[in-house]
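S.K.: Structure for this input, please:
(one chain, ligands or ions: 1)
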Amino acid sequence: MTIHLIQPFSVHGRYDDFDTRQVKRALSRLGYYTPDTRAGMDENRRPALFAALNAFRRDKGLPESDYLMPFDSTVYALNAAVEKHGNASRYVWRTRKDDRVRDEHAAREGRIFVWGFPPEGGHPGEDFNCRCWPEEIAEHKPERDRDRVCLDLMNAHNEVDAKIQEIQKQLSEIRNEISSREEKIQALEVQIRDLAVASVPNPVTGKSKLGPLGAIADVIDAAAKIYQIEQLREELNRLEKELKEFERQEAQLEREMAAAHKRRKDIEEQSRVLCQNFYG
Ligand SMILES: [Zn+2]
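M.R.: Now for the predicted structure:
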């Protein structure tokens, strides 16, 4: 089938019955439109038709709108899709399975038909007041579903890559903080140890070389050093607390990193199975 629109039509404006049915047929063949349960492939219910039409447009990267023009790119895309979908492709005839189904159609329930060879009275939903519909056979649907799945996987892969880079950046910042704290702590420990040694009277000489006054000066000097040590110890405690906090953050980021890597591996595994072309 090839669509030739007689006139432009819109979701709420004027329309041609034959035009509406042509577009419904094409969309139904492509799996976008299911005929109404009561009326079949009639000329009404254009909001549902335009919803299906816009779903098709989205998949084809065409702009959505409430109109369809005779030489619209959508019409070309529909014809190309129907052509590509192939007249050789098949569907299962489905009926509403109630007592209003005409006998000829009831006999077709569950049988497979080929789009290129319409049975008497046409494909499901095409005959007057027919409420039957064609059920797509999985041979085309997975292809379209797969494209969508692969696109989602590719996006997910890009996202997780960006996330890994972000975590990497944060981790290297945190690790800089950690090593700068560690250096400062080490330097402070050396300083404190040296001061502690200097504040204790020399055990060998025992006394100050400067006599009694010198001994008093030594005591004062020792007190000053002890005070200085206390100051440095406070600074050391502060740095150790900061270090601990940074190490906690580092561990958290490492867990996030491991989770992101696992997610990326899962995505790549799924892509390898479902969409070889995406990741080679
Ligand atoms: Zn029917």
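S.K.: for M41, phi and psi?
M.R.: phi -80, psi 70 (degrees, to the nearest 10).
S.K.: The closest residue in space to it that isn't next to it in sequence is in what secondary structure piece?
M.R.: Counting by Cβ to Cβ, 6 or more residues apart in numbering, G125 is the residue found nearest to M41 once chain neighbours are left out, at 3.3 Å. Glycine gets a C-beta too; all of them are placed from N, C-alpha and C. Element membership of G125, judged by DSSP states H and E, is empty: it is in no helix or strand.
S.K.: Test my guess that G125 contacts E135.
M.R.: No. At 11.6 Å, G125 does not count as touching E135 under the criterion of Cβ atoms under 8 Å.
S.K.: quick one, which of these two is more surrounded?
M.R.: Relative neighbour count places G125 above the other of G125 and E135, with 24 against 16, counting by other Cβ atoms under 10 Å.
S.K.: OK, contacts around the more buried one?
M.R.: G125 makes contact with 24-25, 28, 35, 40-41, 131-134, according to Cβ atoms under 8 Å, 6 or more residues apart in numbering.
S.K.: Distance of it relative to the ion?
M.R.: Distance from G125 to the ion, counting by Cβ to the ion, to the nearest Å: 7 Å.
S.K.: what do you get for H105?
M.R.: With distances defined as Cβ to the ion, the gap from H105 to the ion amounts to 4 Å.
S.K.: if I've got this straight, that residue is in a helix?
M.R.: Yes. H105 sits within a helix when classified using DSSP: H, G, I helix; E, B strand; the rest coil.
S.K.: show me what contacts it?
M.R.: Contacts here follow Cβ under 8 Å, 6+ apart; on that basis H105 touches 93, 95, 124, 127, 130, 132.
S.K.: Could you find the closest non-adjacent residue to the fourth one?
M.R.: The reference is to D127. G121 (4.2 Å).
S.K.: Secondary structure class of the one you found, three-state.
M.R.: Assigned with three-state DSSP, G121 falls in the coil class.
S.K.: by contact count, what packs against the helix or strand hosting R25?
M.R.: Under the criterion of DSSP H and E, R25 resides in helix 17-29. On a contact count with 3 or more Cβ pairs under 8 Å, 6 or more residues apart in numbering; DSSP states H and E, helix 17-29 meets helix 46-60, helix 73-85, strand 133-136.
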